[in-house]
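**Q** Any chance you could fold what I've pasted below:
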Amino acid sequence: MDMPKTVKIGGHDVEVVFNEWSVNRMGASHTLPGKIYINTVCCKSQQEATLLHEILEHINDACDLSLAHEQISVLETMLYQVLVDNKLLFGREGEE
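**A** The predicted structure follows:
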């Protein structure tokens, strides 16, 4: 999957910013300025999973769901696996 430069969340455009960080952080979501940050040091699959995680973080914050970070991490891991293994979204090019 080509990583998008913007995603729509709740009808609003959210910019996806790609940065190389030296810190041990894969991504971040900032609802008010409408930005998601992805660490480019991570491999492509980790960047995809991180994008999904940060989208969930954004929804959690915007909708005041009060999900714990651990819950968001579990949702991201399971949703990413379902989407990849069933080629629903993040399917790998060249795979049958």
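**Q** By residue count, tell me the biggest helix in this protein.
**A** Counting residues, the longest helix found in the chain (DSSP state H) is helix 44-62.
**Q** I'd like to know which elements it is packed against.
**A** With contacts taken as 3 or more Cβ pairs under 8 Å, 6 or more residues apart in numbering; DSSP states H and E, helix 44-62 sits against strand 6-9, strand 12-19, strand 27-30, strand 35-39, helix 69-85. Just so you know, the C-beta spots here come from the backbone N, C-alpha and C atoms, and that holds for glycine as well.
**Q** can you pull the buried residues of stretch 55-63?
**A** Of the residues in stretch 55-63, those with enough neighbours to count as buried (16 or more other Cβ atoms under 10 Å) are 55-60, 62.
**Q** cool, stretch 72-83 as well?
**A** Residues of stretch 72-83 classed as buried: 72, 75-76, 79-80, 83 (neighbour count, 16+ other Cβ under 10 Å).
**Q** And the residue nearest the centre of the chain, how close does it get to Glu20?
**A** Centrality entry for the chain: nearest residue to the mean C-alpha point is Leu51, 1.5 Å, by Cα atoms, centre = their mean. When Cβ to Cβ, to the nearest Å is applied, the distance between Leu51 and Glu20 equals 16 Å.
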